[in-house]
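S.K.: got a sequence here, can you build the structure:
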Amino acid sequence: MTVQRSVEPAVLDQVDAVFRDRVERGTAPSSVWGVFDRTGLVASGGHGDRGDGQQPDADTVYRIASCTKSVTAATLLTLVADGRLDLDAPVTAFVPAFAAVALPGPDAPVPTVRMLLTMSGGFPTDDPWADRQESMRDGELDDVLRDGLLFDSVPGTRFAYSNTGYALLGRVVSAVTGRPFPEVAADTVLRPLGLDRTVFAVEQATGHVVTGFRPHEGSWEPLPFTGPGAFSSIGGLFSTVADLARWGTHLASAFSDAPEPGPVSPADRRLMQQAMRVVPPSVVPTSTRSTAYGFGLFVEQDDRFGELVSHSGGYPGFSAHMRWSVRDGLGVVAFENATQAKVSVAAQQAHDLVLAAAATGDEVHAGGGATTAAAGVQATARATRAAQVAVTGLLADWRDDVADAICTPNVAMDVPYDRRRRAVAAAIAEVGADLTAAPVQEQSYAPSHLRWWLPGSCGRLRIEIRLAPLAAGRVQTLTVVAESAER
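M.R.: Purely as a prediction, here's the structure:
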C-alpha cells in the first residue's frame, strides 16, 4: 500500500482489506484502488497478480469502460462553450442516418444531444450488446440506424441507460470537429489535464496493461482487447488509478472555493454533476440512496454525506468504478480485471468508510460545508452560525423585541410568542438543558439550515433553525424540542 500524505492509517487498512478480500475470494485475478481528496491521490494499494508476477499499483493500466462517458460529456461541453454545438439540437443534425429511424409515435421528438447525455433518448438498455461493438465503423453504425431502432419510451421522458446514445454522441463530436472522437477527446480534455496514461488504444498505453479475464471451469480465461471505433465514446478508455483519481479530483474541485482551471469550466463541471434525470429504483435495486443521472455521471443523495457523484464501468474482462463527495472532494477509484466483478460494490464500501472517518464526531454537513462552497454560500453559512448564537441567547432570556429582530414576521404569526415562550421554558425544564454548554451534536442539510443539541441533566434539547432567503439572515423556522433520556 502506498500513502503519499498523512491519512488515518486504520481507515486505509480497512479500505485495503476490502479489496484484498475480493482477490482472496476469487472475485478477480487482481484488484487495485486509490483514495483521493482535493489535493489529489492520497493513498493506493493493489492485490493479486497483474499478469507479470507483480501486484498492481497506481500506474498499472486497466480498461475503465463506461467511466469513459464522463470524458465524452466533458468533450461535448467544450464544443458548447466554443459556440459550436447546441445541446438541444436533434441528433439528425449531426448523424443524418438517424433520419431513417422510425420514432415511437407521431409526436415523438428526435432525440437531442441533451437527451442522449442524460440517458433519456428512449432506447432500450443495451450493455451486453453494446459492450461488444467498440470496433464498429461509422458506416456500420449508419447501417444499424437505417435498419431501425427499438424504443422503450418517448425520447426525453424517462431514464434508460443507453450506450447507443453515447455512441451517437461520439459521432456528434466527430461531425462538429471533422476528426475522430478519440483524437478530439484526447486533445481537448485528457492531454491538457496531464492524463497521459489515459488512452483509447492498448498500443498507446505506457506502463503495464492488465489482461481482462472471465471465469471458466474454475479458472480464468483471457479475453482479447478490442480497438477504437464508433463505440469508443461509450467506454473505450484505458487508464490508471493515478490518472482517474486526477480526473475525479478535477471534477470535484468545481465545487470548491478555488476550482482548478481546465478545458471544461467549473460551471460546466458542476453542470455535469447535477441530478437531471431520475434513475428508477428498479435500475439500482440494491441501492439505499436515491439516484439520478447528470451528464456522463450518476448523482446519489445520501442523508448523511450529501451528494455523491459516481460512475461504474463494465466491459468483457474488466470492472471499474469512481466516486467522490461533492461536499469535500473525498473519493475512491477502483479497478478489477474480471467480467462482471462489480468492483463498484467494494468501491462504495470503501468510500463509505472514508467518509464516515472524515466526519467530525456527529457533526454532519450534508448540504455542503462552508469550507468547500462558493463565497456567497459561505456567507449564508456564516449567517446561520450568527443566528445560532442569537437564538441561543433568545432561549435563555426571551424578549419579544429581540425575537422580532432575529426572526421573520411569520414566526410570530405561525405560533404566537406567548405560546412559544411557555413551550421553550417547558422544554428546557423537562431535560434540565444547559444553555451555556457547547452543542453535543450538530446537523446541517444546507448552509441556511442548522440543527443542534444542547446537553441536559436528564436528556438533551434539540434546536433547529432555517433562514429565510433574505440577505439579512433572519430565522423563518424555529423549533425547540425536549428529548428526555429514556428516548
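S.K.: can you give me the buried ones in stretch 409-426?
M.R.: 411, 412, 420, 421, 424 (16 or more other CB atoms under 10 Å). C-betas here are computed from N, CA, C, even on glycine.
S.K.: what do you get for stretch 450-461?
M.R.: Going by 16+ other CB under 10 Å, stretch 450-461 has these buried residues: 450, 451, 452, 453, 454, 455, 456, 459, 460, 461.
S.K.: cool, and stretch 286-299?
M.R.: For stretch 286-299, a neighbour-count test (16+ other CB under 10 Å) marks 291, 292, 293, 294, 295, 296, 297, 298, 299 as buried.
S.K.: and which of those residues is nearest residue 139?
M.R.: Distance to residue 139 across those (CB to CB) is lowest for residue 296, with 26.0 Å.
S.K.: how close does residue 24 sit to residue 30?
M.R.: 12 Å (CB to CB, to the nearest Å).
S.K.: I'd like the next helix or strand past the longest helix that the chain contains.
M.R.: For the chain, the helix with the greatest residue count under DSSP state H is helix 375-396. Downstream of helix 375-396, the next assigned helix or strand under DSSP states H and E is helix 400-406.
S.K.: residue closest to the middle of the protein?
M.R.: Central residue of the chain (CA atoms, centre = their mean): residue 309, 0.4 Å from the mean position.
S.K.: quick check: which element contains that one?
M.R.: Per DSSP H and E, residue 309 falls inside strand 306-315.
S.K.: can you check residue 36 too?
M.R.: Assigned by DSSP H and E, residue 36 falls in strand 30-37.
S.K.: swap in residue 466?
M.R.: Per DSSP H and E: strand 459-467 holds residue 466.
S.K.: give me the mean pLDDT for that strand.
M.R.: Average pLDDT, strand 459-467: 96.
S.K.: and that strand, which strands flank it?
M.R.: Using DSSP bridges, strand 459-467 pairs in its sheet with strand 449-456 (antiparallel), strand 475-484 (antiparallel).
S.K.: distance from it to the middle of the chain?
M.R.: Remark: strand 459-467 is offset 31 Å from the chain centroid, using CA atoms, centre = their mean, to the nearest Å.
S.K.: what of stretch 67-78?
M.R.: 14 Å.
S.K.: what comes up buried for that stretch?
M.R.: 67, 68, 69, 70, 71, 72, 73, 74, 75, 76, 77, 78.
S.K.: relative to residue 9, how far out is the fifth one?
M.R.: Applying CB to CB, the value for residue 71 to residue 9 is 33 Å.
S.K.: ok, back up a step: grab the nearest non-local neighbour of the residue nearest to the centre of the chain.
M.R.: residue 273 (4.9 Å; CB to CB, 6 or more residues apart in numbering).
S.K.: repeat for residue 77
M.R.: Excluding the flanking residues, the one nearest residue 77 by CB to CB, 6+ apart is residue 268, at 4.5 Å.
S.K.: OK, contacts around the one you found?
M.R.: Residues near residue 268 by CB atoms under 8 Å, 6 or more residues apart in numbering: 74, 77, 80, 81.
S.K.: three-state assignment of residue 224?
M.R.: Recorded secondary structure, residue 224: coil (DSSP: H, G, I helix; E, B strand; the rest coil).
S.K.: next, count neighbours for it.
M.R.: 9 (other CB atoms under 10 Å).
S.K.: can you pull the contacts of it?
M.R.: Not one residue lies near residue 224 by CB under 8 Å, 6+ apart.
S.K.: cool, residue 150 as well?
M.R.: So residue 150 contacts 123, 124 (CB under 8 Å, 6+ apart).
S.K.: switch to 7 Å and redo it
M.R.: Contacts for residue 150 (CB atoms under 7 Å, 6 or more residues apart in numbering) come out as residue 124.
S.K.: can you pull the pLDDT of it?
M.R.: 95.
S.K.: how close does it sit to residue 140?
M.R.: Relative to residue 140, residue 150 is positioned 18 Å away (CB to CB).
S.K.: now swap in residue 396 and tell me
M.R.: Distance from residue 396 to residue 140, by CB to CB: 75 Å.
S.K.: report the secondary structure state of the closest residue to residue 263 other than its chain neighbours.
M.R.: Leaving aside its chain neighbours, residue 263 sits nearest to residue 192 (4.8 Å; criterion: CB to CB, 6+ apart). What three-state DSSP gives for residue 192 is helix.
S.K.: ok, now how distant is residue 192 from residue 185?
M.R.: 11 Å.
S.K.: and if you look at residue 227?
M.R.: In terms of CB to CB, residue 227 sits 15 Å off from residue 185.
S.K.: for the two, work out which one has more neighbours and name it.
M.R.: The neighbour count for residue 227 versus residue 185, taken as other CB under 10 Å, is higher for residue 185 (26 against 13).
S.K.: pull the helix or strand containing that one out as PDB, backbone CA atoms only.
M.R.: Using DSSP H and E, residue 185 sits in helix 181-185. Extracted as PDB, the C-alpha positions of helix 181-185 are listed here (Å, rounded to 0.1, in the frame of the first residue of the first chain):
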ATOM      1  CA  PHE A 181     -13.800  11.200 -31.400                       C
ATOM      2  CA  PRO A 182     -10.800   9.600 -29.600                       C
ATOM      3  CA  GLU A 183      -8.500  12.300 -31.000                       C
ATOM      4  CA  VAL A 184     -10.800  15.200 -30.000                       C
ATOM      5  CA  ALA A 185     -11.300  13.800 -26.500                       C
END
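S.K.: what are the buried residues along it?
M.R.: 181, 182, 184, 185.
S.K.: wait, which of those is closest to residue 444?
M.R.: Distances from residue 444 to these, taken by CB to CB, are shortest for residue 185, at 38.5 Å.
S.K.: excluding its backbone neighbours, what's nearest that closest one?
M.R.: residue 75 (4.6 Å).
S.K.: so that neighbour, which state does it fall into?
M.R.: Assignment for residue 75 (three-state DSSP): helix.
S.K.: what residues are up against it?
M.R.: 173, 184, 185, 188, 189.
S.K.: give me the more crowded residue out of residue 24 and residue 30.
M.R.: Neighbour count, other CB under 10 Å: between residue 24 and residue 30, residue 30 has more, with 25 against 12.
S.K.: what's the nearest residue to the more buried one if we skip its chain neighbours?
M.R.: Leaving aside its sequence neighbours, residue 30 sits nearest to residue 48 (CB to CB, 6+ apart; 3.5 Å).
S.K.: likewise residue 73?
M.R.: Leaving aside its chain neighbours, residue 73 sits nearest to residue 296 (3.1 Å; criterion: CB to CB, 6+ apart).
S.K.: that neighbour sits in which helix or strand?
M.R.: Counting by DSSP H and E, no helix or strand carries residue 296.
S.K.: strands of the stretch 1-150 of the chain, start to end?
M.R.: Remark: strands assigned in the stretch 1-150 of the chain by DSSP state E, counting those that start in this stretch are 2-3, 30-37, 40-48, 62-63.
S.K.: so which of the ones you listed gets nearest residue 320?
M.R.: Checking those against residue 320 by CB to CB gives strand 62-63 as the closest, at 6.5 Å.
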